[in-house]
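Asks: Got a predicted structure here, sequence first:
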Amino acid sequence: MIEISVNGQPHELTVDEDTPLLWVLRDHLGLMGTKYSCGIGECGACTVLLDGEPGLACQVTLGDVAGQEVTTIEGLKGSLARRVKEAWLEEQAPQCGFCQPGQVITATVLLTENPTPSDADIDEAMSSVLCRCGTYPAIRRAIHRAAGRK
């Protein structure tokens, strides 16, 4: 049995410790916000927070995160996360929406670390999450909008 906390809720799981966290979240906990896309850690669609730091759920196993706090898009809370989500909608950043959970988590981390990022800062931080629809200009505008709100 492996214990983890996901979105503030403790879970005791009888799942093989080598199971990727992505499948634990989706198949065992029913949290469908974290997306499977490339499966090799290149696209960032499966980005979650692991003890507050971004991590790729397809690249870590349940055993790797035992005893840690995992935060998915469903559990991303607080005024900054709310501002980012609202700005995403206001700027119409999502097109297909598939990468958006990873984008929103990554943008929230960026704004936590750098409350007033430049375009270059945004481009660098957001380069870890691939948007196949190419909504990068809207994503950049949404991040600036979220940064500008008080």
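Replies: Perfect, I can see it now. Numbers count the residues shown, from 1 in each chain.

Asks: C-alpha from now on. contacts and neighbour counts both.
Replies: Noted.

Asks: which one is the residue located most distally from the centre of the chain nearest to, not counting chain neighbours?
Replies: The outermost residue of the chain relative to its centre, with distances by CA atoms, centre = their mean, is Met1 at 26.0 Å. Spatial nearest neighbour of Met1, excluding adjacent residues (CA to CA, 6 or more residues apart in numbering): Thr14 at 4.7 Å.

Asks: I figured that neighbour hits Val24, correct?
Replies: No - using CA atoms under 8 Å, Thr14 makes no contact with Val24, being 10.4 Å away.

Asks: quick one, which of those two is more surrounded?
Replies: Val24 (19 against 10; other CA atoms under 10 Å).

Asks: Now that one: closest residue in space, sequence neighbours ignored.
Replies: Leu62 (7.2 Å).

Asks: quick revisit: report the contact partners of the residue farthest from the centre of the chain.
Replies: 12-15 (CA atoms under 8 Å, 6 or more residues apart in numbering).

Asks: let's go with 7 Å and repeat that
Replies: Shown in contact with Met1 (CA atoms under 7 Å, 6 or more residues apart in numbering): 12-14.

Asks: In terms of pLDDT, where does it sit?
Replies: For Met1, the model assigns a pLDDT of 91.

Asks: ok, now Tyr136?
Replies: For Tyr136, the model assigns a pLDDT of 94.

Asks: mind giving me the domain split of this structure?
Replies: Split into domains by automatic domain parsing, the chain comes to 2-75, 79-148.

Asks: how long is the longest one end to end?
Replies: So the one you mean is domain 2-75. 20 Å (CA to CA, to the nearest Å).
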